[in-house]
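S.K.: coordinates only, no sequence provided:
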């Protein structure tokens, strides 16, 4: 176990009327909020009206900026920053999923730092400040509601890049599993895949002696494997949806990677797909993770064996570790299929014409490699894309 | 799963030089600290000198109050409150284990509320304020370093009672597993028993659909069952000690009981033993928990079966649940013995002469029953004491 600091002060308000507390929580952050959201569903469902009523009741003034799309873009972030500065906004309330919250985080940093923020996403400048950000979560997936990370796409070159800083930890998150009942099944599948991927990125490590965090990861991964197909088939089943929502927050709130170094190659490799082709991040992960596992597992057989036996319940003979691990990957693919995910690039009609370009973009700002379990070059990444065809 | 709020802002600084950061962390809480500690070990080991040097280097003024004993007493708390008020202390640094941190928490509340605090421990008055408290932890056991609870013994009647309030969550905890290498083996055994008990209290619930928290609890309990005997046999093995330290903090920091109602009868039943006889809390728990389990398990067979199969690895035939559960209790007792714990009152030379008195004291301030899985009356509790003889 490596030395670490753990500090996650985000207040999670979880349950059947969580959004009713949003006014009070926002008022504790500031006096005038940017109300930031995506497209029509928060409007159509009446959630946005509920949120506005709660803000008004609590005496919070607000201005609105909607229109956040999946894979949130830098141009809308810049529009949000300008709006906040013009309107003297002192806090941000995001109503939506990870894209809206990520967009809100980027706006918060831009308002407080008052300078060009893209260099922060390229690792060329440190994040030093933000105005406070809270959220009402409508999609269990990205874990952004209590995470240190934020991913934005710069339309100039379609680079999708993230920042990681404790400064951008949100102040609060209201999570009502009922708000997620109306999500399209495909989005539920993508969300569950993303949640599982956040834990797999942390789980596949070379750090030794991380038993407590291994077992927490294994337990919550097993819960997602159990509950995701139930919630996919029964969207209004509160119990399974609540497990997925709580798992989604825990998967990415820094608790589960204390004292260990995660891998994160698959997220990077996937980002070039969803950055260029605009397919959902979760669907991209379901395609990339099995290919990544097949490509790298020989670099840490004990770790992949532990995943196979403790998480995927494979109990074949231990004198053939390759067979055990490959069986666990097949089971993982079956899981993805059970929640409507593709597991090959060909299933989403992506061919081999831009693989080299994507492989090179994956490592371009990062010194030539991606990932920690085994650092992958552009050649390795191209080979992984080919395994995923 | 029940609705819940989760908020634990305690900053955990964990690793091989954690105590080196104590000056900086204390300075962030205030200008003048009460340096609160127990007996000789922190002095003899040189830890207290290191802490003082770090405080001085960071520009923190301080006054000292040592002498905290296991089962910390109200009289020393009152002395600490008076000292803080007299010396204009604005924060408290506890150096020690759960007893020292609990004593510091009680002093912090007394200083900020500036009134008699014992009614808070009797549930007759609400905790409304505290001055900030931080710690350097030397014993992994109570979890007080990032918990909402604090237990104090009032020598007037030897009542041992606790408060539970988010207000008393400490600001930070420095946890260096190396500082625990010199603990006597008996104290290590007691600590591991307490850590496991904090999770068992949370685990034995009637709340349904708590899969994610069940699995986190199961995973960390299994890690304690694995690592406690290793660390008991090899006190200077950093890896197992680090797992126990991290498990000890997580076991009691409110994460693992969100959305569920824990039991907590065994803690109450044990407190009367260690309140009257001054034996270690951990040793008392190793005696009481198996007796409590045997007495209550028929009230929730599925829950105790899950514990037996998922935590204690019992895989006997499912058509005899009693046998499976009783086997899990025997394995739990074997575990306790493997870390030097007693499992019967007779082993610590406690007879049956005061059992009725203890049973009645367990429920006296609490409306006549203890525990949530099945509320226990004084008669039930006396029967549990008799099972433990």
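M.R.: Sure thing, it's come through. Source: prediction; values computed, not measured.
S.K.: wait, a helix at residue A:293?
M.R.: Yes - counting by DSSP: H, G, I helix; E, B strand; the rest coil, residue A:293 is found in a helix.
S.K.: ok, the residue nearest to it when sequence neighbours are not counted - contacts?
M.R.: Among residues not flanking residue A:293 along the chain, residue A:329 sits closest, at 5.1 Å (Cβ to Cβ, 6 or more residues apart in numbering or on different chains). Glycine gets a C-beta too; all of them are placed from N, C-alpha and C. Counting by Cβ atoms under 8 Å, 6 or more residues apart in numbering or on different chains, residue A:329 touches A:290, A:293-294.
S.K.: strands of chain A, start to end?
M.R.: All strands of chain A, identified by DSSP state E, fall at A:4-14, A:32-37, A:61-65, A:91-96, A:133-137, A:149-154, A:159-164, A:172-175.
S.K.: would CSV of the ones you listed with mean pLDDT, mean neighbour count and distance to residue B:356 be doable?
M.R.: Below are these laid out as CSV (pLDDT from 0 to 100; neighbours: other Cβ atoms under 10 Å in any protein chain shown; distance: least, Cβ to Cβ, whole Å):
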stretch, mean pLDDT, mean neighbour count, distance to residue B:356
strand A:4-14, 97, 20, 43
strand A:32-37, 98, 24, 60
strand A:61-65, 98, 17, 63
strand A:91-96, 98, 29, 58
strand A:133-137, 98, 30, 53
strand A:149-154, 94, 24, 58
strand A:159-164, 89, 19, 60
strand A:172-175, 98, 27, 48
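S.K.: can you list the buried residues in stretch A:163-182?
M.R.: For stretch A:163-182, burial by neighbour count (16 or more other Cβ atoms under 10 Å in any protein chain shown) applies to A:163, A:165, A:167-181.
S.K.: helices of the stretch 51-200 of chain A, residue ranges please.
M.R.: Taking DSSP state H, counting those that start in this stretch as the test, the helices found in the stretch 51-200 of chain A are A:74-87, A:98-113, A:118-121, A:185-203.
S.K.: chain B: which of these is closest?
M.R.: Among the helices of the stretch 51-200 of chain A, the nearest to chain B by Cβ to the nearest Cβ is helix A:185-203 (10.9 Å).
S.K.: just the angle between that closest one and helix A:98-113, please?
M.R.: Regarding helix A:185-203 and helix A:98-113, their directions subtend 60 degrees when assessed with axes from the mean of the first three to the mean of the last three Cα atoms, to 10 degrees.
S.K.: hmm, helix A:185-203 touching chain B?
M.R.: No - Helix A:185-203 stays out of contact with chain B when judged by Cβ under 8 Å from any Cβ of the partner chain, the minimum separation being 10.9 Å.
S.K.: how distant is stretch A:353-368 from the center of its chain?
M.R.: 21 Å (Cα atoms, centre = their mean, to the nearest Å).
S.K.: swap in stretch A:321-339?
M.R.: 22 Å.
S.K.: avg pLDDT for that stretch?
M.R.: Across stretch A:321-339, pLDDT averages out at 98.
S.K.: of all the strands of chain A, which lies closest to residue B:339?
M.R.: strand A:4-14 (26.3 Å; Cβ to Cβ).
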